[in-house]
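S.K.: Just the structure for this:
(2 chains)
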Amino acid sequence: MHEIIYATTLASVYLMFALGLSITWGTIDVLNFAHGSIFMFSAFSVYLMLEHFDTGMGLLVMVLVGAGVGALLSGAVHLLAFEPLRRRANARDREMQMLIVGVGLSAVPVALANKITGGNPFGLRNDALKVETLHILGVPITSVQLIIMVVAFAMAVAVQQWLRSSRHGLALRAIGVDDETSSMMGVNRSRLALVTMAGAGVMAGLAGVLVSLSFGAMTPSTGDFLILKAFAVIIIGGVGSVTGVVVGAFVLAGAETLILTFTGGTWVDAMSFALIFLLLLVRPQGIFGRRAVVKT
Amino acid sequence: MDFLGQNEILVQSTLTNFLLAMSLLVCLRVGVFSFGGLACFGIGAYFTAVASIHWGWGAFSSISMAMLISMALGALLAPIVRGLTGLAMGMATIAFTLIAGVAARNGGELTGGAEGLFGIPIMVGTGTALLIATAMTILLALSERGRMGRMIEAVRVDNELSLSTGISVQTVRFVAFVVSGAIGALGGGLAASFRSIVTPLDLGFGPVILALTMLIVGGARSWLGALIGAVFFTWLPTVLTSVGEWQGVVYGVVVAAAAIWVPGGAVGVATDLRRRLAVKRRVRNAIPVKPKKAMVS
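M.R.: Numbers count the residues shown, from 1 in each chain, chains lettered A, B, ... in the order given. Sure thing, here's the model as predicted:
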């Protein structure tokens, strides 16, 4: 039972983190490799605020600050890097260049945080915030874990609804199918792309704050590992599919929890890499994907 | 010689970084975005360490065995990932590298776990390494000329077109994977011997970023680009000590900026410039042709 709680929390973390990444990749064709550093740096900014100004801020303020920093960083990355890249690069080299730009940019926040913390883990210590442990059917669960689960699923449902039934969601999906035609139909591609990237940043920032609260601490390189896991989640589920991200998150979290319970944990990270590797070979479009990652 | 004596460690790491960059370059040149060379660098370093520490092997036998193993790995990997292109290939091979890293972390006594292995005997002199690297460079430079060079260029630019002209794209890719593995393992083996330490970090994200930086800034089309990148990024931190502290930030920004605005790297810029000058000269030296009057019907 304890394992199920653990797996669900982990799946919710992956879900929060991977959702934004999957949506931007599936619609506006941006695979933001810096998503992991944005996640980490949002939590890190909250940590800096706690250290320097105010140790008594409530959970809501922390989450809002994290989400704001995430949105700012993600929007900035889009405007400064991915948008110029899209205008300049030809289609054949673009994917490769996008990955390189993302890998390069992701090193910047990590280096900054490493410089300030000396490579040590940092945690969001807060006197005002009490983490309570509840018992549901005799199973202990912390309030933060509960919040993570609720937020993650609310997020997935909201994004799915927005994509399905709002006008902007429709426009975004149209860009995903064919961006030239959709701009001829009056979709403002660059504005919508910026909003989508900022939205992905909000999710990354939220996830960053909640994850570091739940797990107690985070190191500057946590984001780098999480981005690969998120990549596994997306590859499992299929690019751009919200249902796919939910399923992928549960599959990966379940598999990792199994390994953790049976082998003691040192091989956990290999799981996601192996899943990426296998799925790319066997079914590149993912379980729910319409479009293959591989375009030959 | 005095210069070499003072900067021996820097020269050594320039050489190993150069070999690392070249091993990635071999794949990039045929249009395959593979980090397999990086995995082979780490595997070569680990094998050399294990063979020399645990089994008492000498330099030649351990490094050449490491190269053979990496070539076999490359030969295995190539058909497995043959269907992948672009991003998917990049991610799959990064995943492969990181799996190797996790394996090294879990190797127990053999690989030294998270701390890695230290106390690898210094088995290769800088001069020997320089000779080896030069030989590799000459081989690679030769493959950039003539028939072979045109074939590689064709495979990179257009798979279907080269297939239709009778080039076996899969064979070229296969050879690229094997050669890349050999060069990577060679660099890794030399690095292990020079540094006398290997850690799981050698199979992590750090080398991925360093290798990309070198190739993107230098130019990912020829050995010269790898050399420029390796020299530049090995010596930069020592020339600008203030950069040393902000190394990660500077490298990250440089890579991103270069990938957006000068994707061809230093060599690409130079080639463009030369071509433009050549065109200008041709225009200047050309015999002026009087435009004929258009026929009016």
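S.K.: how many neighbours does whichever residue of the stretch 151-297 of chain B sits closest to chain A have?
M.R.: Chain A sits closest to B:G248 of the stretch 151-297 of chain B, with a gap of 2.5 Å, by CB to the nearest CB. (Each C-beta comes from the backbone N, C-alpha and C, glycine too.) Number of residues near B:G248 (other CB atoms under 10 Å in any protein chain shown) recorded here: 20.
S.K.: In contact with it, which residues?
M.R.: Contact analysis of B:G248 by CB atoms under 8 Å, 6 or more residues apart in numbering or on different chains lists A:107-108, A:110-112, A:114-115.
S.K.: and with 7 Å instead?
M.R.: By CB atoms under 7 Å, 6 or more residues apart in numbering or on different chains, B:G248 lies in contact with A:107, A:110-111, A:114.
S.K.: so which of those residues is the most crowded?
M.R.: In the contacts of B:G248, the most neighbours by other CB under 10 Å go to A:A107, 30 neighbours.
S.K.: Show me the contact partners of the helix or strand hosting B:G229.
M.R.: Following DSSP states H and E, the helix or strand that holds B:G229 is helix B:223-239. Outside helix B:223-239, the residues that touch it by CB under 7 Å, 6+ apart are B:10, B:13-14, B:17-18, B:21-22, B:25, B:137, B:140-141, B:210, B:213-215, B:217-219, B:243-244, B:247, B:265-267.
S.K.: Would you map the helices across chain B?
M.R.: With DSSP state H as the criterion, chain B has helices at B:2-6, B:8-29, B:36-54, B:59-80, B:86-105, B:126-142, B:146-157, B:159-164, B:169-195, B:205-218, B:223-239, B:241-245, B:247-261, B:265-285.
S.K.: Now render these as CSV, adding mean pLDDT.
M.R.: Shown next, in CSV, are those (pLDDT from 0 to 100):
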stretch, mean pLDDT
helix B:2-6, 65
helix B:8-29, 87
helix B:36-54, 88
helix B:59-80, 87
helix B:86-105, 81
helix B:126-142, 86
helix B:146-157, 85
helix B:159-164, 84
helix B:169-195, 89
helix B:205-218, 80
helix B:223-239, 82
helix B:241-245, 63
helix B:247-261, 81
helix B:265-285, 83
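S.K.: Out of the ones you listed, which is the most enclosed?
M.R.: Of all the helices of chain B, helix B:36-54 has the most neighbours on average by mean count of other CB atoms under 10 Å in any protein chain shown, namely a mean of 28.
S.K.: can you tell if it touches chain A?
M.R.: No. Interface with chain A: helix B:36-54 contributes nothing (CB under 7 Å from any CB of the partner chain), its closest point being 11.4 Å away.
S.K.: mind exporting that helix as CSV, just the C-alpha atoms?
M.R.: Extracted in CSV, the C-alpha atoms of helix B:36-54 (Å, rounded to 0.1, in the frame of the first residue of the first chain):
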residue,chain,number,x,y,z
GLY,B,36,27.7,6.7,-29.3
GLY,B,37,31.2,8.0,-29.5
LEU,B,38,30.7,9.6,-26.1
ALA,B,39,29.6,6.3,-24.6
CYS,B,40,32.6,4.6,-26.1
PHE,B,41,34.9,7.3,-24.6
GLY,B,42,33.6,6.5,-21.2
ILE,B,43,33.7,2.7,-21.8
GLY,B,44,37.2,3.0,-23.2
ALA,B,45,38.3,4.9,-20.1
TYR,B,46,36.6,2.4,-17.8
PHE,B,47,38.0,-0.6,-19.6
THR,B,48,41.5,0.8,-19.6
ALA,B,49,41.2,1.5,-15.9
VAL,B,50,39.9,-1.9,-15.0
ALA,B,51,42.4,-3.8,-17.2
SER,B,52,45.4,-1.9,-15.9
ILE,B,53,44.4,-1.8,-12.2
HIS,B,54,42.7,-5.2,-11.7
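S.K.: Was I right to think A:A7 contacts A:A255?
M.R.: No. At 9.2 Å, A:A7 and A:A255 do not qualify as touching, with contact defined as CB atoms under 7 Å.
S.K.: Nearest residue to A:A18 in space, please, no chain neighbours.
M.R.: Setting aside the residues directly before and after it, A:A18 is nearest to A:A230 in space (CB to CB, 6 or more residues apart in numbering or on different chains), at 3.9 Å.
S.K.: Surely the one you found is in contact with A:L21?
M.R.: Yes. Counting by CB under 7 Å, A:A230 touches A:L21, with 5.4 Å between them.
S.K.: Give me the more crowded residue out of those two.
M.R.: Taking neighbours as other CB under 10 Å, A:A230 and A:L21 compare with A:A230 leading, 31 against 26.
S.K.: ok, now how distant is that one from A:R125?
M.R.: 27 Å (CB to CB, to the nearest Å).
S.K.: Also A:L105?
M.R.: Taking CB to CB, one finds A:L105 at 29 Å from A:R125.
S.K.: In terms of packing, which of the two has more residues around it?
M.R.: A:L105 (26 against 12).
S.K.: wait, isn't the more buried one in contact with A:A34?
M.R.: Yes. Between A:L105 and A:A34 there is a contact under CB under 7 Å: 4.3 Å.
S.K.: what residues are shared contacts of those two?
M.R.: A:V77.
S.K.: Up against chain A, what does the stretch 151-297 of chain B have?
M.R.: Residues of the stretch 151-297 of chain B lying near chain A (CB under 7 Å from any CB): B:205, B:208-209, B:212, B:216, B:245, B:248-249, B:251-253, B:255-256, B:259-260, B:263.
S.K.: Between those residues, which sits nearest A:G176?
M.R.: Of all these, A:G176 sits closest to B:I260, with 23.3 Å by CB to CB.
S.K.: mind listing what the closest one touches?
M.R.: By CB under 7 Å, 6+ apart, the neighbours of B:I260 are A:81, A:84-85, A:88, A:101.
S.K.: Apply 10 Å and report the result again.
M.R.: A:80-89, A:97-98, A:100-101, A:104 (CB atoms under 10 Å, 6 or more residues apart in numbering or on different chains).
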